[in-house]
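Visitor: 3D, please:
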Amino acid sequence: MFLRYEQIGEIFDLLSLGVIVLSPERKIVSLNHAAETLTGKKANAVVDQKCYDVFLDYLCGGHCKYLVEPGAEIETVVAEIDFVDPNHKQCSLTKIEAPIFDADQRLMGLIEVFQDHSAFRDLIKRIRFEDLRLKIILDNLDIGVLTVDRGDHISFFNTMAEKITGYARTELLGKSCTKVFGPRFGKDFKQAPKLLENDSGHIRVETDLATREGQRIPIQANYVPLKNEEGAVVGGLTTISDLSLQYHYKSAIRGQYTYFDMVGKHPEMQKIFEVIPVIAASDATVLIEGPTGTGKDLLAKIIHKASERADQKLIKVNCASLPDNLLESEMFGYVKGAFTGADRDKPGRFQLADGGTIFLDEIGDLPLPLQAKLLRVIEDREFYPLGSRQTTHVNVRILSATNQNLKRLAEEKKFREDLFYRLNVMRLELPALKDRKSDLPLLIEHILKRICTSKRATVSRIDEAAMEILLNYDYPGNVRELENILEHALIICRGDTIEKKHFPLWLLKIGALNHSDEHISGEARRAWDERERLIDTLRRYRWNKSHTARALDMDRTTLWRKMKKYQIGDTLDGE
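Guide: Numbers count the residues shown, from 1 in each chain. Just a heads-up that it's a prediction; the model follows:
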């Protein structure tokens, strides 16, 4: 999944941010409209020119590190720049320069992002609480603005802040900032006036806040002290910018996930969110349990990204997708001559994950002989590659996931009890979506925003009839199935509103069934129950019809006939 350079510029244009994309040789690839306005240069006039030949004097302060040191390592840089624009106007910018890598970590170019703070800084210098005109200006800015007094009570809250947080200002005025938006945001905000009491500058941080719906969203906050005529600090003002779009962009392009990618206000989800930072900071083995499609894979990525191993690899092994005779060599590697055709040494997934994290998905399907070998890796961090007489040592953190009950499997002697207790040091259980339906509106909004970002879709709402169907479906495939339904609707929808007609036909039939007469025939009910059971089993065995038929105690022909009867495609609408 990727975005073209033009799309990157369009996304940041919506945020009023200038973007310049460069090649590895620092040739200009593209400028978005905001960058053209900021620099006075047209994209078609500067494309393919070296950036330091065009922008050196005022966007780079007359100095380019990479011009002086051509071989210097390219790294992310954040800087404050003051310069005079082409219209002889004094400007104050924040400049962020970062490298762009492909999936193999090869340098593809650079991106430079600029934000103009000039107008806002001039406004801050003039602000007085009694000036009604400035309050009107603040209320109409396209950036969130709120102020607090010395006691941390909210005294001003503009329209954009209402839009970002979901709160109406009438709900917040006079209330504690910390209690409303969460301890992390409140702590930074409350300390800002004290930290800047003897300084005329400001503090910029990336933090998060809790919205009215209980969702934690990433924001960038700028804190400024507010002083009276005598120069004493009387409170603080902050601007807030929603970074959700950038986070969705980063997740789609780089596959880097944070806990902002998993949402939920249900108590069970809140418990998980509270312990993620603690679990991630440790090096303990983690077992993630939950039905198919609840987000176990995503949770593993979030834990890895929040850990001290975030800069190292996360290697995934699906224990159910590989034949038993290949799984051992895939996990632990082999040496030359280990078997016919082994003409060279090949490292396994554990060796590839050395220094990082290995994620063992569907661990309940791991064959018993391999469970003993895995137990030794957990205990001693060493193993024998296939055909080798020498042990290989690795430093890995082990995360595992399953949609089965490992404790019950251990009691039934289908899973090693000692391995279960080794894996079960830290255990997280993701609830089925039908058990946290209060999260559906939040999830629908979050998923739509993410899919629209990656697919350049312009859908802005779901009509009432379509929303009713989404809120009343039980989702046997959980969050993954909800994502598939919304993606299907976005592909079909050509306007800005999702309607019932944009949903898959099978969902509309289920919706009609759920709203029909209460005395609906038992035969129809049994038919829908059987369809859900087929889908759940197919997903569990990754759409392998032989394994699915065996698990359902039927032959492949019967399975194929039932799939056709219930209109179940090979991947259920593109899953």
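Visitor: can you pull out the helices in the stretch 351-500 of the chain?
Guide: 368-380, 406-411, 417-423, 440-455, 464-472, 478-492 (DSSP state H, counting those that start in this stretch).
Visitor: quick one: low-confidence ranges for the stretch 351-500 of the chain?
Guide: By pLDDT under 70, the low-scoring segments of the stretch 351-500 of the chain are 456.
Visitor: could the helices of the stretch 351-500 of the chain go into CSV alongside distance to residue 107 and mean neighbour count?
Guide: All C-beta spots, glycine's among them, are computed from the backbone N, C-alpha and C. As requested, those are exported to CSV (distance: least, Cβ to Cβ, whole Å; neighbours: other Cβ atoms under 10 Å):
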stretch, distance to residue 107, mean neighbour count
helix 368-380, 35, 14
helix 406-411, 43, 16
helix 417-423, 38, 17
helix 440-455, 23, 18
helix 464-472, 43, 15
helix 478-492, 32, 20
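Visitor: turn those into TSV, columns for distance to residue 333.
Guide: Formatted as TSV, the helices of the stretch 351-500 of the chain follow (distance: least, Cβ to Cβ, whole Å):
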stretch	distance to residue 333
helix 368-380	12
helix 406-411	26
helix 417-423	21
helix 440-455	35
helix 464-472	46
helix 478-492	31
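Visitor: quick one: name whatever helix or strand follows the helix or strand where residue 78 lies.
Guide: Here residue 78 sits within strand 77-84, counting by DSSP states H and E. Next in sequence after strand 77-84, counting helices and strands by DSSP H and E, comes strand 90-101.
Visitor: what's whichever helix or strand comes after that next one packed up against?
Guide: Downstream of strand 90-101, the next assigned helix or strand under DSSP H and E is strand 107-116. If you count contacts as 3 or more Cβ pairs under 8 Å, 6 or more residues apart in numbering; DSSP states H and E, strand 107-116 packs onto strand 18-22, helix 33-39, strand 90-101.
Visitor: strand 107-116 pairs with which strands?
Guide: strand 18-22 (antiparallel), strand 90-101 (antiparallel) (DSSP bridges).
Visitor: confirm residue 241 sits in a strand?
Guide: Yes: assigned with DSSP: H, G, I helix; E, B strand; the rest coil, residue 241 falls within a strand.
Visitor: I'd like the distance between it and residue 102.
Guide: 28 Å (Cβ to Cβ, to the nearest Å).
Visitor: so for these two, which residue has more residues nearby?
Guide: Comparing residue 241 with residue 102 by other Cβ atoms under 10 Å, the one with more neighbours is residue 241, at 21 against 12.
Visitor: how about the contacts made by that one?
Guide: Residue 241 makes contact with 15, 143, 144, 219, 220, 221, according to Cβ atoms under 8 Å, 6 or more residues apart in numbering.
Visitor: got it, and residue 299?
Guide: 262, 272, 288, 401, 428, 430.
Visitor: please repeat the previous calculation with a cut-off of 10 Å.
Guide: Contacts here follow Cβ atoms under 10 Å, 6 or more residues apart in numbering; on that basis residue 299 touches 257, 259, 261-262, 272, 276, 286, 288, 290, 359, 399, 401, 428, 430.
Visitor: and it, what element?
Guide: Counting by DSSP H and E, residue 299 is found in helix 296-305.
Visitor: give me the buried positions along that helix.
Guide: For helix 296-305, a neighbour-count test (16 or more other Cβ atoms under 10 Å) marks 296, 297, 298, 299, 300, 301, 302, 303, 304, 305 as buried.
Visitor: what's the answer for stretch 145-161, then?
Guide: For stretch 145-161, using 16+ other Cβ under 10 Å, the buried residues are 145-149, 152, 154-158, 160-161.
Visitor: can you lay out the contacts of residue 299 as JSON lines showing neighbour count and distance to residue 46?
Guide: Below are the contacts of residue 299 laid out as JSON lines (neighbours: other Cβ atoms under 10 Å; distance: Cβ to Cβ, whole Å):
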{"residue": "257", "neighbour count": "22", "distance to residue 46": "36"}
{"residue": "259", "neighbour count": "20", "distance to residue 46": "40"}
{"residue": "261", "neighbour count": "20", "distance to residue 46": "36"}
{"residue": "262", "neighbour count": "21", "distance to residue 46": "41"}
{"residue": "272", "neighbour count": "22", "distance to residue 46": "49"}
{"residue": "276", "neighbour count": "18", "distance to residue 46": "45"}
{"residue": "286", "neighbour count": "24", "distance to residue 46": "50"}
{"residue": "288", "neighbour count": "26", "distance to residue 46": "49"}
{"residue": "290", "neighbour count": "18", "distance to residue 46": "52"}
{"residue": "359", "neighbour count": "26", "distance to residue 46": "45"}
{"residue": "399", "neighbour count": "29", "distance to residue 46": "47"}
{"residue": "401", "neighbour count": "26", "distance to residue 46": "49"}
{"residue": "428", "neighbour count": "20", "distance to residue 46": "51"}
{"residue": "430", "neighbour count": "25", "distance to residue 46": "50"}
